[in-house]
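In: Give me a 3D structure for the following:
(4 chains)
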Protein chains: 2
Amino acid sequence: MGLSIGQVAERTGLSVHALRFYEREGLLADPVRRESNGRRVYTEDDVDWLDMCIKFRSSGMPLDTIRKYTDLVRQGPGNEQDRLALLRSHQDYVSAQIQELNECLNVITHKVDIYTESLDEGTADCLWVAPGPTDTSAAS
Amino acid sequence: MGLSIGQVAERTGLSVHALRFYEREGLLADPVRRESNGRRVYTEDDVDWLDMCIKFRSSGMPLDTIRKYTDLVRQGPGNEQDRLALLRSHQDYVSAQIQELNECLNVITHKVDIYTESLDEGTADCLWVAPGPTDTSAAS
DNA sequence: CCGGCGCCTGGACCCACCTCTAGGTCGTGG
DNA sequence: CCACGACCTAGAGGTGGGTCCAGGCGCCGG
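Out: Now for the predicted structure:
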């Protein structure tokens, strides 16, 4: 049931270094148990928590905010509104990000299409393309 | 028709510093014209190009890659396949990002829902929630 | 008994991406 | 005439998020 840091690294995809780093940074609810020799022993719950942290991170939550959330959880019941607020705020952030990325994707796809067409038709000229929908102008 | 760096900053949302920085980094197709006194004069096309760079950046394209793209464009016609490859690759990258963000959003939304329910029902207990769909366990 | 692995710590380092500073030039308005 | 604000340059500094290294321990197989 106890996992070594190496095993956790393998499961989570985080490096051993990063795992220690995250711990130092206070991102783990409990500071990880140790064997008598000082080696870390992780539980499955630790791994679950880390997976969540990874989701947070990969959706752009700064370590600092993860730490705040962790602190709230560590404090135990009673601050659920705070946790919820934090989560909701991140939820909004992620939604906004997705929207922005979709816009970017549109622009890029538009450009890809133009290049593709031009190449298909051999008219590899006039590839100065603006991001606008009605293109008459400059710069691509 | 000519815009000062300050005006461009305002339009693009980039800082004056960032605009100079981008120029130094070779992200502008042409190295920006100058007035006799050395001040930069931007055209509308420059702004369009910058807007595109911003789209690239905000979708995670590193400056380095933007520079490569810029170089290709600067070289003129003949390398459209290369440009297209670069764009397609970024397109894939952005799509992947969107997918990942959607997964993250699901997880977060799931947690938000759980907290919301619990708070609604006053059962502000047992909020140890795992990211999995069938939650029986630990850590949130 | 030795080599090698996996782990430990603290701190130095790195990278991308800006941002800010110092020190200076114009040009305009009061 | 002088202050002010916008601009210029080169280069230093800062931030976030790790990565890596030196130096060391404990255990295991050969």
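In: how distant is stretch A:110-120 from the center of its chain?
Out: Distance, stretch centre to chain centre, for stretch A:110-120: 32 Å (Cα atoms, centre = their mean, to the nearest Å).
In: Within the helices and strands, which one has residue A:41?
Out: Taking DSSP states H and E as the definition, residue A:41 sits inside strand A:40-41.
In: Dump stretch A:4-13 to CSV, restricted to CA.
Out: Extracted in CSV, the C-alpha atoms of stretch A:4-13 (Å, rounded to 0.1, in the frame of the first residue of the first chain):
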residue,chain,number,x,y,z
SER,A,4,8.0,5.0,-3.0
ILE,A,5,8.7,8.4,-4.6
GLY,A,6,9.9,6.6,-7.7
GLN,A,7,6.7,4.7,-8.0
VAL,A,8,4.7,7.8,-7.6
ALA,A,9,6.8,9.6,-10.1
GLU,A,10,6.0,6.8,-12.6
ARG,A,11,2.3,6.8,-11.9
THR,A,12,1.8,10.6,-11.9
GLY,A,13,4.2,11.5,-14.6
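In: Go through that stretch and flag the buried ones.
Out: Applying a neighbour-count criterion of 16 or more other Cβ atoms under 10 Å in any protein chain shown, one finds A:5, A:8-9, A:12 buried in stretch A:4-13. Bear in mind the C-beta positions are built from the backbone N, C-alpha and C, glycine included.
In: so of those, which ones are in strands?
Out: Residues of the buried residues of stretch A:4-13 located in strands (DSSP state E): none.
In: now those residues in JSON lines, with pLDDT and distance to DNA strand D?
Out: JSON lines is the format used below for the buried residues of stretch A:4-13 (pLDDT from 0 to 100; distance: Cβ to the nearest atom of the strand, whole Å):
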{"residue": "A:5", "pLDDT": "94", "distance to DNA strand D": "12"}
{"residue": "A:8", "pLDDT": "95", "distance to DNA strand D": "13"}
{"residue": "A:9", "pLDDT": "94", "distance to DNA strand D": "9"}
{"residue": "A:12", "pLDDT": "94", "distance to DNA strand D": "11"}
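In: So which of those belong to helices?
Out: Cross-referencing the buried residues of stretch A:4-13 against helices under DSSP state H gives A:5, A:8-9, A:12.
In: filter those down to the ones close to DNA strand C.
Out: Intersecting those with the contacts of DNA strand C gives residue A:5 (criterion: Cβ under 7 Å from any atom of the strand).
In: Quickly check: the host helix or strand of residue A:116 near DNA strand D or not.
Out: Per DSSP H and E: residue A:116 is located in helix A:80-121. No. Helix A:80-121 is not in contact with DNA strand D by Cβ under 7 Å from any atom of the strand; minimum separation 12.4 Å.
In: Output the contacting helices and strands for that helix.
Out: On a contact count with 3 or more Cβ pairs under 8 Å, 6 or more residues apart in numbering or on different chains; DSSP states H and E, helix A:80-121 meets helix A:63-74, helix B:44-58, helix B:80-120.
In: which of the residues in the shortest one are buried?
Out: Spelled out, it's helix A:63-74. For helix A:63-74, a neighbour-count test (16+ other Cβ under 10 Å) marks A:63, A:65-66, A:68-70, A:72-73 as buried.
In: Just give me the neighbour total for residue A:20.
Out: Number of residues near residue A:20 (other Cβ atoms under 10 Å in any protein chain shown) recorded here: 15.
In: ugh, wrong one, residue A:2
Out: By other Cβ under 10 Å, 13 other residues sit near residue A:2.
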